[in-house]
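[1] Turn this into a structure:
(chains A, B, C and D)
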There are 2 protein chains.
Amino acid sequence: MGLNIRDIAAAAGVSPATVSRALRGMDNVDVSTREHVIAVARALDYAVSPVASRLATGRSGTLGIVTPYVGGWYFAELFAGIEAALKPFDLDVLIHTTEEPTGARPSTEAHVRLRRRVDAALVIGLAPDSKEIAGLAGLGIPLVLIGSQVDGVASVSIDDRADACRAVQHLLDLGHRRVGLISGRRLPTGFVPENDRLAGYLDALSAAHLAHPTSLREVGEFTTAGGERAMSVLLARQPRPTAVFCMSDQMAYGALRAMSRAGVGTGTGDGAIAVMGFDDHELATTFDLSTVAQPVRAIGALGVDLVMEQLDGRQPRVIVLPTELRVRASTQGSVTNR
Amino acid sequence: MGLNIRDIAAAAGVSPATVSRALRGMDNVDVSTREHVIAVARALDYAVSPVASRLATGRSGTLGIVTPYVGGWYFAELFAGIEAALKPFDLDVLIHTTEEPTGARPSTEAHVRLRRRVDAALVIGLAPDSKEIAGLAGLGIPLVLIGSQVDGVASVSIDDRADACRAVQHLLDLGHRRVGLISGRRLPTGFVPENDRLAGYLDALSAAHLAHPTSLREVGEFTTAGGERAMSVLLARQPRPTAVFCMSDQMAYGALRAMSRAGVGTGTGDGAIAVMGFDDHELATTFDLSTVAQPVRAIGALGVDLVMEQLDGRQPRVIVLPTELRVRASTQGSVTNR
DNA sequence: CTGAAAGCGCTTACAG
DNA sequence: CTGAAAGCGCTTACAG
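    Numbering: from 1, shown residues only, chains lettered A, B, ... in the order given. Modelled structure (predicted):
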């Protein structure tokens, strides 16, 4: 309950220094001494005080995670990947959310909160030029960006722009000429992948010399309900889009729902609208939704790898993961009214 | 970057003790002294070392969260509620997952991991008689259980048994006599709410003097894919259930998908199967799924309240939240093949 | 291989 | 209201 290293030292008949060395498995301890100390420590159910070690060593044993929000599919997946990858390392995690619940007073800045608390930080989706990134860089600890890139900083991401372009290209290949867009927020935002996906959408249309009026774009808030609202608006536009690219699968589900309610078919049928998502969320197959599959858990795990590498003194690396186009009935099929 | 309290003391022309008092807003400091110290600290961009304070005070400033797993809708919602409620308190969070990724060697036990690291713990879904709970109780810190109850320990949960019973009762009220069940794991499990929901299912059937053969039950692993598999099996049974209660909405989505594939209608139509979920997940309306709505974010926030209460020296409280039956087309409607 | 001692950066009785 | 001093529980050169 309240044993400290001196108690163990006394019980084992050695000095606290030796206990410290033995318990951490250092090799400059006689084997028999080490085993004896370990046995005594276990018998007494001793646990070192992480706080004391941290103060003594100057290492916090903690990884900071800076994220715009918590909750939602993407974060949950990412975090699951991070947690799993962290298991072998006995590192604690400290999560800092940058986005305020609406109406809340602004809380501590990320770098102030993390200072002296973390040995490294995983930074999710923040813009390269944001002041958060600048502040964090000033901390002088290893940083790993997820979903954005900055020169000289480690990062793991997908190529949102190219991937979105490919998704829209798929719709163009099917013959569509009026391709709508359902984005998360009103663009541009502080969330990088979203801006990049917009750029990719525009790339594809421009390359095909197609118009891309803003009347084809609606905001879906990254929620299913928002996607439903957005699609309802698009359905009322004249002329209607014949295909819609949604920046997330969850918004696409809502879009499909709006179409179903309006009696509008999905895929290639007459008067139908082809719907394309992004993520390959676990329900994409259930909705028969064509989408771009991104390996979110792997991204989280790789982020941890890059952190550990830098903590080991290696150079920051940049990883860009490939995605995969998954074509399903929402673009290819001829399901009438789902 | 590396300033400590003595640097500030020197710069402000006072002692470290006074700096400490001033910065923490203690009232036994002259107002002008305090303001001066605060100004100097700010000018020098000083941040106290949490680790040093923790060692000196014996308080970790950290809340432990013990959970069987991370990821998935329930945990993400709960965690979002916890995070939001924690914002005003400057408490760090330390997450410990008890369930191993399959194949991993067992990691440290929860109470060993949390010992000396947290001031209190929020424990999610663990069985009252589990050894984890026993170990955590031995830590002598305030505990708040989420989703289970133990005498003398604070907790916040819903009444899973009664709520499941009500859900099944709804199906019985519609005239169903063969009501199937899709559970998460093979029951009984270490996850309390699940066992309670089974009990509630049996309660309703027993009260109506109906048989409840195990052939009406299948395991859906709490995933959409699992729910789809489970329903496929149930569809092949003779006689088929005419209604199915799923322990989570996500499994219900899979079940609906399996029915749609098999050409089986939903709701009250001829040869149709009524499907009932549990959660009121964000897509439940999209699927027109009848379900039991539980306020997951509120549960997380209340868990934090109960923690703070105990940290303030108040007695542990037990909170049981009401749920709400949401009837939609999956039980009442007559949608043929969705 | 082992130990005595200093130090990590705070907080808190205690004395004034 | 303020300060000197001890202490929180470790780790780590340094010396042997």
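[2] Show me chain A divided up by domain.
    If you go by automatic domain parsing, the domain ranges for chain A are A:5-48, A:62-158+A:296-322, A:160-294+A:325-332.
[3] can you put these in TSV and add mean neighbour count and distance to DNA strand C?
    The C-beta positions use only the backbone N, C-alpha and C, and glycine is treated the same way. Shown next, in TSV, are those (neighbours: other C-beta atoms under 10 Å in any protein chain shown; distance: least, C-beta to the nearest atom of the strand, whole Å):
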stretch	mean neighbour count	distance to DNA strand C
domain A:5-48	16	3
domain A:62-158+A:296-322	19	8
domain A:160-294+A:325-332	21	32
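[4] Mean pLDDT lowest where, among those domains?
    Note on the domains of chain A: lowest mean pLDDT is at domain A:62-158+A:296-322, with a mean of 88.
[5] Just give me how far that one sits from the chain centre.
    Mean-position distance between domain A:62-158+A:296-322 and its chain equals 9 Å (C-alpha atoms, centre = their mean, to the nearest Å).
[6] Same question for stretch A:252-271.
    In terms of C-alpha atoms, centre = their mean, the centre of stretch A:252-271 is found 29 Å from the chain centre.
[7] circling back to that earlier point, how about the domains of chain A in JSON lines, adding distance to DNA strand D?
    Putting these into JSON lines (distance: least, C-beta to the nearest atom of the strand, whole Å) gives the following:
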{"stretch": "domain A:5-48", "distance to DNA strand D": "3"}
{"stretch": "domain A:62-158+A:296-322", "distance to DNA strand D": "12"}
{"stretch": "domain A:160-294+A:325-332", "distance to DNA strand D": "38"}
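[8] and the ones you listed as a markdown table, adding distance to B:Thr285?
    Putting the domains of chain A into a markdown table (distance: least, C-beta to C-beta, whole Å) gives the following:
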| stretch | distance to B:Thr285 |
| --- | --- |
| domain A:5-48 | 48 |
| domain A:62-158+A:296-322 | 17 |
| domain A:160-294+A:325-332 | 8 |
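[9] So which of those domains is nearest B:Pro295?
    domain A:62-158+A:296-322 (14.2 Å; C-beta to C-beta).
[10] Pull up the distance across that closest one, start to finish.
    30 Å (C-alpha to C-alpha, to the nearest Å).
[11] Please, where are all the strands along the stretch 1-150 of chain A?
    Using DSSP state E, counting those that start in this stretch, the strands of the stretch 1-150 of chain A run over A:62-67, A:92-97, A:120-124, A:143-146.
[12] Within its sheet, name the partner strands of the second one and how each one runs.
    In this case it means strand A:92-97. Here strand A:92-97 has these sheet partners by DSSP bridges: strand A:62-67 (parallel).
[13] Check the third one too.
    When pairing is defined by DSSP bridges, strand A:120-124 lines up against strand A:62-67 (parallel), strand A:143-146 (parallel).
[14] CA atoms only: put the shortest one into PDB for me.
    The C-alpha atoms that make up strand A:143-146 are tabulated as PDB, following Å, rounded to 0.1, in the frame of the first residue of the first chain:
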ATOM      1  CA  LEU A 143       5.800  14.900 -33.100                       C
ATOM      2  CA  VAL A 144       3.900  12.600 -35.400                       C
ATOM      3  CA  LEU A 145       1.100  14.100 -37.600                       C
ATOM      4  CA  ILE A 146      -1.800  12.000 -38.600                       C
END
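[15] contacts for that strand?
    A:78, A:120-126, A:128, A:133, A:136-137, A:153-157, A:299-300, A:303, A:306-307, A:310, A:316 (C-beta atoms under 8 Å, 6 or more residues apart in numbering or on different chains).
[16] And for the longest one?
    The contact list for strand A:62-67 (C-beta under 8 Å, 6+ apart) reads A:75, A:79, A:82, A:86, A:91-98, A:110, A:114, A:117-126, A:132, A:136, A:304, A:307.
[17] one more time with 7 Å, if that's ok
    A:75, A:86, A:91-98, A:110, A:114, A:117-124, A:126, A:132, A:136, A:307 (C-beta atoms under 7 Å, 6 or more residues apart in numbering or on different chains).
[18] and A:Gly227, what is it in contact with?
    A:182, A:220, A:246, A:250-255.
[19] now, which of those lie within strands?
    Judged by DSSP state E, strands contain the following of the contacts of A:Gly227: A:182, A:246.
[20] Cross the contacts of A:Gly227 against helices and list the overlap.
    With helices taken from DSSP state H, the overlap with these comprises A:250-255.
[21] possible to save these as CSV with distance to chain B?
    Compiled in CSV, the ones in helices among the contacts of A:Gly227 are given as follows (distance: C-beta to the nearest C-beta, whole Å):
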residue, distance to chain B
A:Gln250, 8
A:Met251, 11
A:Ala252, 11
A:Tyr253, 6
A:Gly254, 7
A:Ala255, 10
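[22] for those residues, which one is nearest B:Leu321?
    Distances from B:Leu321 to those, taken by C-beta to C-beta, are shortest for A:Gln250, at 26.3 Å.
[23] Can you tell me how far that closest one is from A:Ala56?
    47 Å (C-beta to C-beta, to the nearest Å).
[24] Same question for A:Met247.
    For A:Met247 relative to A:Ala56 (C-beta to C-beta), the value is 48 Å.
[25] and chain A, which residues reach chain B?
    Residues of chain A lying near chain B by C-beta under 7 Å from any C-beta of the partner chain: A:47, A:49-52, A:54-55, A:60, A:70-72, A:75-77, A:79-80, A:83-84, A:87, A:92-95, A:97, A:101, A:104, A:107, A:112, A:115-117, A:224, A:253-254, A:257, A:282-283, A:286.
[26] Just the ones of these in helices?
    A:50-52, A:54-55, A:75-77, A:79-80, A:83-84, A:112, A:224, A:253-254, A:257.
[27] residues in contact with A:Ile133?
    A:123, A:126, A:150.
[28] Now do the same contact list for the first one.
    Spelled out, that is A:Val123. A:66, A:133, A:136, A:143, A:145-146.
[29] One more pass at 10 Å, please.
    A:64-67, A:96, A:98, A:110, A:130, A:132-133, A:136-137, A:143-148, A:150, A:153, A:155, A:303 (C-beta atoms under 10 Å, 6 or more residues apart in numbering or on different chains).
[30] For A:Leu172, see how far away the nearest residue to A:Ala211 once chain neighbours are set aside is.
    Counting by C-beta to C-beta, 6 or more residues apart in numbering or on different chains, the nearest residue to A:Ala211 once its immediate chain neighbours are dropped is A:Leu205, at 7.5 Å. According to C-beta to C-beta, A:Leu205 stands 8 Å off from A:Leu172.
[31] Common neighbours of those two, please.
    Between them, A:Leu205 and A:Leu172 share the contacting residues A:Val179, judged by C-beta under 10 Å, 6+ apart.
[32] can you put the strands of the stretch 1-150 of chain A in CSV and add distance to A:Thr323?
    Compiled in CSV, the strands of the stretch 1-150 of chain A are given as follows (distance: least, C-beta to C-beta, whole Å):
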stretch, distance to A:Thr323
strand A:62-67, 21
strand A:92-97, 26
strand A:120-124, 18
strand A:143-146, 15
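[33] Of the ones you listed, which is nearest B:Ala211?
    That would be strand A:92-97 among the strands of the stretch 1-150 of chain A, by C-beta to C-beta, at 49.0 Å.
[34] How many residues are close by the nearest residue to A:Arg116 once chain neighbours are set aside?
    Excluding the flanking residues, the one nearest A:Arg116 by C-beta to C-beta, 6+ apart is B:Ser49, at 5.1 Å. Applying other C-beta atoms under 10 Å in any protein chain shown, we find 19 residues neighbouring B:Ser49.
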